[in-house]
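K.L.:
With the input below, show me the fold.
(2 chains, ligands or ions: 3)
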Amino acid sequence: MIRPHRRHPLWFAYLLHRVSGSALALFLPIHFWMLSLALNDREALDDFLAWSDRGLVKAAEFGLVFLLAVHLFGGLRLLALEWLPWSGPQKTLAAAAVGLSLLVSGIFFLQAV
Amino acid sequence: MSTGGVMTVAVWRGGPEGSAFQEFRVPGQKSQTVLDVVIWIQQYRDPTLSYRFACRVGMCGSCAMTVNGVPRWTCRTHVKRVAKTGRIEIAPLRSLPVIKDLAVDMDPFFEKWVAAEGRFHPQRTRDQPVRETKPQTRRRRQADAAIECINCAVCYAACDTVAASPDYLGPAALNRAWSLLNDDKDSGTEAILAAAGAKGGCHSCHAMGSCTRFCPNELDPMASIAGLKRASIAAALKRKG
Ligand code: SF4
Ligand code: SF4
Ligand code: FES
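P.N.:
Ligands and ions are numbered 1, 2, ... in the order given. Alright, predicted model coming up:
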């Protein structure tokens, strides 16, 4: 499915950054809408919060924080890659970015449940 | 010396209009390269097969093809490394117009070298003494790191940005521009930076690294392009300030 010339860590890092960025772009409007409920419409917010307390929704939220972390570290990786004139293997960095995001989102997950 | 095995080789046949893979059964040999396979087919099965090579030792850069979906220099690619399943698929390089079979038109590739100012801009005439260079300086080391390019277009064919935007200059041309930018003997700094900063220049690169992953000479065009990005932004800031 993923064509052979794309099967290497740097391309996967690129893909991850694209996908997480797009997903965040879709999610952020909903997020701000929810925040606006907190200011304007208490009842609706309570309904929303009750709804968001369910397991599936919790899992989805975990996913969102994961995306945010992935995108953040992916972005840091790119900044480092382009602004620090290093020569070394960026593969390790790509891997470290994913690892760190897992860690951060894992901590969040543990606190949420 | 034959090793006895026979492999199935699918070769892309045809020109711009109408083409398809054609299968051949090719005997396995010891230390056989993908180029050896193509030559065998042309010599023993179909003399009309078109392809390019010259040096057979990884110096001229003319033998690049797509082997099992990946761009490679075929004269230095051993069959045993790519034919894990006993089958090889050989196609022309991606992102360049196919002339016939495995031969692509390299003109767009070299036109982009020129557009990227990837040519030498001399400072002195032949009557003047050669300018001395110090091999240990940071600039010279950067120039040297990018200089051993054989113009094979493997990186160009690997790059998804080239495939998606036809006006992108591509990794090889920009890598050469970066090498020249760091060369004290080259006087084209302004022209190089202008070309790199223009549309289709270094800022189109998405840093997905396929160029670096597949360059057979282990160059790092992605890092060269990152260098161009820094130089181009620094130059733009200087113009403003
Ligand atoms: S790093 Fe840039 S030039 Fe290299 S393959 Fe990716 S987009 Fe193309
Ligand atoms: S940079 Fe590497 S892959 Fe690209 S043309 Fe030069 S030698 Fe070939
Ligand atoms: S034939 Fe010259 S590089 Fe392969």
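
K.L.:
My read is that A:W11 contacts B:A207, right?
P.N.:
No: counting by C-beta atoms under 8 Å, A:W11 sits too far from B:A207 to count as a contact (10.2 Å). From N, CA and C alone the C-beta is placed, and that goes for glycine too.

K.L.:
element containing the most centrally placed residue in chain A?
P.N.:
By C-alpha atoms, centre = their mean, chain A has its centre lying nearest to A:L67, at 1.1 Å. Assigned by DSSP states H and E, A:L67 belongs to helix A:55-83.

K.L.:
List the buried residues of that helix.
P.N.:
A:62, A:64-74, A:77-78, A:81-82 (16 or more other C-beta atoms under 10 Å in any protein chain shown).

K.L.:
for the nearest residue to the residue nearest to the centre of chain A once chain neighbours are set aside, helix, strand, or coil?
P.N.:
Closest residue to A:L67 apart from its sequence neighbours, by C-beta to C-beta, 6 or more residues apart in numbering or on different chains: A:S20 at 4.4 Å. On the three-state scheme (DSSP: H, G, I helix; E, B strand; the rest coil), A:S20 is labelled helix.

K.L.:
Now for chain B, the helix or strand with the poorest mean pLDDT.
P.N.:
None of the helices or strands of chain B scores lower by mean pLDDT, DSSP states H and E than strand B:2-14, at a mean of 86.

K.L.:
Partner strands of the helix or strand that comes right after it and their direction?
P.N.:
Next helix or strand after strand B:2-14 toward the C-terminus (DSSP H and E): strand B:19-29. The pairing partners recorded for strand B:19-29 under DSSP bridges are strand B:2-14 (antiparallel).

K.L.:
Is B:H78 bridged to anything, and to what?
P.N.:
Here B:H78, judged by DSSP bridges, has bridge partners B:T33.

K.L.:
give the contact list for it.
P.N.:
By C-beta atoms under 8 Å, 6 or more residues apart in numbering or on different chains, the residues touching B:H78 are B:S31, B:Q32, B:T33, B:V34.

K.L.:
Spatially central residue for chain B, please.
P.N.:
Centre-nearest of chain B using C-alpha atoms, centre = their mean is B:A153, 2.1 Å out.

K.L.:
For that one, give me phi and psi.
P.N.:
phi 70, psi 20 (degrees, to the nearest 10).

K.L.:
Excluding sequence neighbours, find me the nearest residue to it.
P.N.:
Closest to B:A153 by C-beta to C-beta, 6+ apart is B:F109, at 5.1 Å.

K.L.:
I'd say that neighbour and B:A172 touch.
P.N.:
Yes: the criterion here is C-beta under 8 Å, and B:F109 meets it with B:A172 at 7.1 Å.

K.L.:
quick one: common contacting residues for these two?
P.N.:
Joint contacts of B:F109 and B:A172 (C-beta under 8 Å, 6+ apart) are B:N151, B:A153, B:Y156.

K.L.:
on that earlier part again, which elements pack onto the helix holding A:L67?
P.N.:
The contact analysis (3 or more C-beta pairs under 8 Å, 6 or more residues apart in numbering or on different chains; DSSP states H and E) places helix A:55-83 against helix A:9-40, helix A:42-52, helix A:90-112, helix B:221-240.

K.L.:
repeat that for 7 Å
P.N.:
helix A:9-40, helix A:90-112, helix B:221-240 (3 or more C-beta pairs under 7 Å, 6 or more residues apart in numbering or on different chains; DSSP states H and E).

K.L.:
Now do the same for the second one: mean pLDDT, whole number.
P.N.:
Taken as a whole, helix A:90-112 has a mean pLDDT of 74.

K.L.:
okay, now the residue in chain A that ligand 2 sits nearest to: neighbour count?
P.N.:
Nearest residue of chain A to ligand 2: A:H5, at 12.4 Å (C-beta to the nearest ligand atom). By other C-beta atoms under 10 Å in any protein chain shown, 21 other residues sit near A:H5.

K.L.:
what does chain B put close to ligand 3?
P.N.:
Near ligand 3, the residues belonging to chain B are B:F53, B:A54, B:C55, B:R56, B:G58, B:M59, B:C60, B:G61, B:S62, B:C63, B:W73, B:C75 when assessed by C-beta under 6 Å from any ligand atom.

K.L.:
now, which of the residues you listed lie within strands?
P.N.:
B:W73 (DSSP state E).

K.L.:
Give me the buried positions along the least confident helix or strand of chain B.
P.N.:
B:M7, B:V9, B:A10, B:V11, B:W12, B:R13.

K.L.:
Repeat that for stretch B:22-32.
P.N.:
So stretch B:22-32, judged by 16+ other C-beta under 10 Å, has buried residues B:Q22, B:F24, B:V26, B:G28, B:Q29, B:Q32.
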